[in-house]
Structures are given as structure tokens and as C-alpha cells.
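> next comes the sequence, and after it the predicted model I'd like to discuss.
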Amino acid sequence: MTEGPRMVRMVRIALALLLLAGIVTPAGPAGAQETLTFRLNHLPWGMHTAYYAALEKGFWKELGLDVKIIPGHGALEAVNTVGAGKEDVGLGSVDTVLVGQAKGVPIRAIAMDMYQNPSCLIFMKQSGIAKPKDLEGRSVGHPPASTTKNILDAGLKLSGVDLTRVKVVNHPVGAEYQLLASGKVDAFGGFCSGQVPTLEEKGFKVGAISLKDMGIDAYGMMLFTNDKTLRDRPEALVKFLRGWLRGHQWAYQHVAEATKLVLKHRPDRNMLEGAKFKMILAENRADEARQRGFGAMVDDKWQKSMDILVRAGIMDRPLNVREVYTNDLVERAPEAREFATLLFAGPPKD
């Protein structure tokens, strides 16, 4: 055998061994990519910037994934669809995920998206609402599949509010602005980094009571998957997390351009979504992200989150924290530490 053919054969053998070890991934045609479905907690807005960056910049495709993002209408919807195995990954709030798990929904958190819980009650300043107790005898709006209701109810109850004296008004996602402006609800549950800036931009003078104002320290939003998907498709989930984190890195350095990618999927919004994204980034500089990589979680904060819901009677008892979440997948993504380094190095760039 001549030197040339021998070298080619050795290279082919080496590549085959690397493929078997999972160290390199064959490029392959787009049609050969693995499909993965991802259910958002809401219609697209600033908090989803990294996901749309990953989609539009092709970061998931580079990893061999064809990801379909499905807009949502509340985190409870995501818990139900992913729990039933209809979708592969969901984005949900700490309370909807925990309450779902307590009811036997087979899901597990795989990465933290928002370390600080963004939930708050939003109202007009002229309403006279200044503290949680002021909501007694008033109405509060929530979508039927609300992302925030359970944790806000827990905060109100632990603040001494009689929830039987608070009227709950169910409304479609997005209707909260009109309902508040017209006086059909006195307040609604939302995100401090979401609806508050939107209302202020429209000229409304609004106030907000956050979970932090109520003395509540709980996790916020997280990525989760069905137990069967976790067992059967761990490699696809790692690729999903890697693409998402690459999206975060790119968006952090190109906020304006990344915001335009979100607006492509939500044309009724504007560049204010970029400011919201920056607010969320500033709130995501958590110790566990710095120490273990972005997306990593810790037992203590999960336990605190469960204890809040148990004390308020939203959950009957705490769950085994080791069955609630896993860091196994996000810790396999080198981008987790790369993005954490970027996040703590300085402010994002437009």
C-alpha cells in the first residue's frame, strides 16, 4: 500500500472513532437533522431573545437539531403539553413546574432561564394600592394557564392577604392591558420586566408589587422536559441547551440585532423588547451561574422555592429535590461557563 492511500485510510478510521465517541458530529443535510419541539411560556417577547437568536442564526442547526419553537399562552400550558409528551422541551415558572410535579406530571427541570422570579402584581398608581393587603376586596386578572398565579397567591397569602376576598378574573393572554386601562380589573399578574415597561411606554402611570417586595425569594423561569425524553434523548437535549446558550452569547453582544429577530416573530412589539432583555440579563447574575455555569441550579434555592409553596398551602408537601431537577445536561454544555463568563464580565452590547 502506498503512503497516500494509507494516510487516507488512517484519517477515515480516526474520524469514525471520533464519531462513535460523540466528539465530532457529521454535518449532514438539513433533512437528516433531529427534530425537537419547544413550547414557550408566552407569545414571543424580550425574554425569549436567546431562543430566537439560536433559531435564526442557525446555532441549533449547526448542532444537528431542527428546533420548532411553539408560542405559548401561559406556563401551565407548557407543563401540560410537555408532560403529556406532545412536545419535547418547555419553558415554565417555578410554581407551575413544582405544582405539576406534585400532581404527578412526569417532568424535570434541566436548566434555569431566569434566576430571579420576575412575577409581580401590576396596577394603576391612582388605584390606591400600595401594599398586598390593599388587594382585598379588589379584582386581579390572570390567564387560565397563568405563569404567575400560584407563586403570587403564595406571596399574597404569606403577606397576610385573605385570598377569598380577592376576585380572580380569567382573561386571554394580552387582554390584561385593556382590562386594567378600562378599570375592569384592579390589578393583574405579570412580569416586572415585561408588562410594566410596556404600560409605561404607552403613558400609563403604573405601580407594581413584586415577590421581592413580599419577602419571597424563589427561582423564576426554567427549561424542563418530559421524563421519557430525558431518559431516551439526552444527547438531543444537550444540543438544545448548547444552541440556546450560543444564542445567549450572540444576543448579549448584539442586543439590537437580536431584538429584531424576536420582532420578526412578534411584529406588534417594538425595540423596547431589547431593553426588557437587558433587564432580565442584569437580574441573572446569580452565584450558581458564576460558579457552575449559566443554567446550573442548586438544591438550596429549589428547597426555598418549594417551602414557600408548601407554607402557603399551594403544595401539600415538599418533593425530593433530587427528583425536581438535574444539572447533568447543562454541565455537559461548555457554552454554560462561556456565557457565564461573558455575563459577569460587563454589560451587554447593542
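Cool, the structure landed. Numbering: from 1, shown residues only.

> please make it C-alpha for all contacts and neighbour counts, starting now.
Fine.

> span of stretch 66-84 from start to end?
Terminal residues of stretch 66-84 are spaced 21 Å apart (Cα to Cα, to the nearest Å).

> buried set for that stretch?
66-67, 69-70, 72-83 (16 or more other Cα atoms under 10 Å).

> in helices, which of these fall?
75-83 (DSSP state H).

> still on that earlier bit, can you name the two of the buried residues of stretch 66-84 that sit furthest apart?
Using Cα to Cα, the buried residues of stretch 66-84 span at most 24.7 Å, a distance reached by Asp66 and Leu76.

> which secondary structure elements does the longest strand seen in the chain contact?
If you go by DSSP state E, the chain has its longest strand at strand 107-114. Where contact means 3 or more Cα pairs under 8 Å, 6 or more residues apart in numbering; DSSP states H and E, strand 107-114 is packed against helix 75-83, helix 94-102, strand 221-226.

> mind doing that once more with 6 Å?
strand 221-226 (3 or more Cα pairs under 6 Å, 6 or more residues apart in numbering; DSSP states H and E).

> okay, Ala145: pLDDT?
In this prediction, Ala145 carries a pLDDT score of 82.

> equivalent analysis for Arg285, please.
97.

> what does the one 3 residues further on give?
On the pLDDT scale, Glu288 is placed at 97.

> please shift the residue numbers so they start at 518 in all later answers.
Sure, I'll start counting at 518 from here, so that last one is Glu805.

> which of the helices or strands spans it?
Per DSSP states H and E, Glu805 falls inside helix 804-809.

> who's in contact with that helix?
Ala857 (Cα atoms under 6 Å, 6 or more residues apart in numbering).

> now do stretch 677-684
Contacts of stretch 677-684 (Cα under 6 Å, 6+ apart): 650, 653-656.

> drop anything exposed from these.
650, 653, 656.

> next, count neighbours for the closest residue in space to the last one that isn't next to it in sequence.
Yep, that's Ser656 we're talking about. Among residues not flanking Ser656 along the chain, Lys684 sits closest, at 4.5 Å (Cα to Cα, 6 or more residues apart in numbering). By other Cα atoms under 10 Å, 16 other residues sit near Lys684.

> hang on, the earlier thing: just the CA trace of the helix holding Glu805, in CSV.
In CSV, the C-alpha atoms belonging to helix 804-809 read as follows (Å, rounded to 0.1, in the frame of the first residue of the first chain):
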residue,chain,number,x,y,z
ASP,A,804,-23.9,32.9,42.3
GLU,A,805,-24.7,29.4,40.9
ALA,A,806,-24.4,30.7,37.4
ARG,A,807,-21.0,32.3,38.2
GLN,A,808,-19.7,29.2,40.0
ARG,A,809,-21.1,26.4,37.8
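
> which parts of the next helix or strand after it are buried?
Using DSSP H and E, the helix or strand that follows helix 804-809 in sequence is helix 816-828. Applying a neighbour-count criterion of 16+ other Cα under 10 Å, one finds 818-827 buried in helix 816-828.

> go through those residues and name the one nearest Phe856.
Lys818 (21.2 Å).

> any idea how far Lys684 is from that closest one?
In terms of Cα to Cα, Lys818 sits 31 Å off from Lys684.

> so where is the chain shaky, pLDDT-wise?
Within the chain, the ranges that satisfy pLDDT under 70 run 518-548.

> where do the domain boundaries of the chain fall?
Under automatic domain parsing, the residue ranges defining each domain of the chain are 548-632+736-862, 636-727.
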